[in-house]
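Colleague: Task: produce atomic coordinates for the following.
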Amino acid sequence: MNSTKDQPAYFGAPSPQRPLSMLPPKPAQLTQRQKNLVVHLKATEGKTSLVAPAYFLFSCFGKLIFGFGASMAVKGVCTNDTPSIGAGGGLCAFGFICILIVAFGFGAACHRIDKFRGILFKCISILAAILIAVGYAVNQYYVSTHHELMDIRLSFFPLFLGAALLVISISNFFAYTELVRGPTPGLPRERRPLIAMCFFGPGVGTVFGGWITGEKGEWPVAFNAAVLTLAMACLYFGICLFWSDHLLREAEWAEKSVMLEAYRLSTNEITDRLEEKEQV
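Modeller: Okay, here's the model as predicted:
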């Protein structure tokens, strides 16, 4: 049990009997983004914050209101219902403002670490919201004007693309915000994969059950919308937790590389001094 093979590797100070070839391997060259990850990881050590989940809820709310408002406005135009047009336009504008706040709020954390990714994720977030709103509006237009079934199904494509792009933007925004502001309290690091699976389970189960029973079940429209919205939120939050844990692991790996590089520099300096003494 206590043999030398079972002991962890120890790299002592260099000496004539311990040349540089016996030092730890040279760490990987870190990018500026990875160095920034280390800086913010150290800055938030021991801190917690509710900013990331608050932005997450605000993002889901904004995109939902934006799409619903666009759908209501289109329906009002098709039926010549002025109040619906006004209410839909107001909801659409309010939802878009929420989306901008989320994009530049979440994006600010990402922008501090990597400017290019920050701008990219902001654009993806806004594009996802626009595609979702277009899908809502096109679907409502075709339903209100009694188009053929094939035309109604065309609204699937912008909705699919918008929801897929939202996975990219919201998961990265959540992960970078937690790294910059601090992790969410009540979600311990060692339990995060399990907590994420607890969100995935109800989300997938609800979507699957709704798919099987939706055609003949004749669920009430409002109930169906509320349940499926909650299911989608669970799925997105589970993805956010997984990706945040991944980014934290990358930051910790980068921190170890920085420590290893610092150790190598110090041992190199000691070796140089020993060599100078030997020459003297």
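
Colleague: how close does the residue nearest to C92 when sequence neighbours are not counted sit to W243?
Modeller: Of all residues not flanking C92 in the chain, G69 sits nearest, at 3.3 Å (CB to CB, 6 or more residues apart in numbering). C-beta: built from backbone N, CA, C; applies to glycine. Per CB to CB, to the nearest Å, G69 is found 29 Å from W243.

Colleague: Okay, helices next: where are they in this protein?
Modeller: In chain order, the chain shows helices spanning 32-43, 51-79, 82-113, 115-144, 149-153, 156-181, 192-217, 221-279, with DSSP state H as the criterion.

Colleague: which of those has the lowest average pLDDT?
Modeller: Mean pLDDT is lowest for helix 149-153 among the helices of the chain, at a mean of 75.

Colleague: How about residues contacting that one?
Modeller: Applying CB atoms under 8 Å, 6 or more residues apart in numbering, the external contacts of helix 149-153 come out as 139, 142-143.

Colleague: what sits against the nearest residue to S244 once chain neighbours are set aside?
Modeller: Counting by CB to CB, 6+ apart, S244 lies nearest to A175, which is 4.0 Å off, once chain neighbours are set aside. Shown in contact with A175 (CB under 8 Å, 6+ apart): 240, 243-244, 246-248.

Colleague: Of these, keep whichever come out buried.
Modeller: Buried subset of the contacts of A175 (neighbour count, 16 or more other CB atoms under 10 Å): 240, 243-244, 247-248.

Colleague: For the chain, which residue occupies the most central location?
Modeller: The residue lying closest to the centre of the chain (CA atoms, centre = their mean) is S171, at 1.4 Å.

Colleague: Let me see the contact set for that residue.
Modeller: Counting by CB under 8 Å, 6+ apart, S171 touches 236, 239-240, 242-244.

Colleague: switch to 10 Å and redo it
Modeller: Residues in contact with S171 (CB atoms under 10 Å, 6 or more residues apart in numbering) are 56, 121, 236-244, 246-247.

Colleague: again, but for A70
Modeller: A70 neighbours (CB under 10 Å, 6+ apart): 88-89, 91-92, 95-96, 130, 132-138, 140.

Colleague: before we move on, what about F174?
Modeller: By CB under 10 Å, 6+ apart, F174 lies in contact with 51-53, 55-56, 59, 106, 109, 184, 236-237, 239-241, 243-244, 247.

Colleague: how does it look with 7 Å?
Modeller: 52, 56, 240, 244 (CB atoms under 7 Å, 6 or more residues apart in numbering).

Colleague: ok, now G76?
Modeller: Residues counted as contacts of G76 (CB under 7 Å, 6+ apart) are 82, 84-85, 88.

Colleague: Then S84?
Modeller: 72, 75-76.

Colleague: try N80
Modeller: Going by CB under 7 Å, 6+ apart, the list of residues near N80 is empty.

Colleague: what's the pLDDT at it?
Modeller: 83.

Colleague: Can you list phi and psi of it for me?
Modeller: The phi/psi pair for N80 (degrees, to the nearest 10) reads phi 60, psi 40.

Colleague: Any figure for the gap between it and F242?
Modeller: For N80, the distance to F242 - CB to CB - is 47 Å.

Colleague: do A225 as well
Modeller: Relative to F242, A225 is positioned 26 Å away (CB to CB).

Colleague: Neighbour count for the two, which is higher?
Modeller: F242 (18 against 13; other CB atoms under 10 Å).

Colleague: Looks like that one contacts L194 (just checking).
Modeller: No. Here F242 does not reach L194: they are 11.1 Å apart, not a contact under CB atoms under 7 Å.

Colleague: Contacts only, for A137.
Modeller: 70-71, 74.
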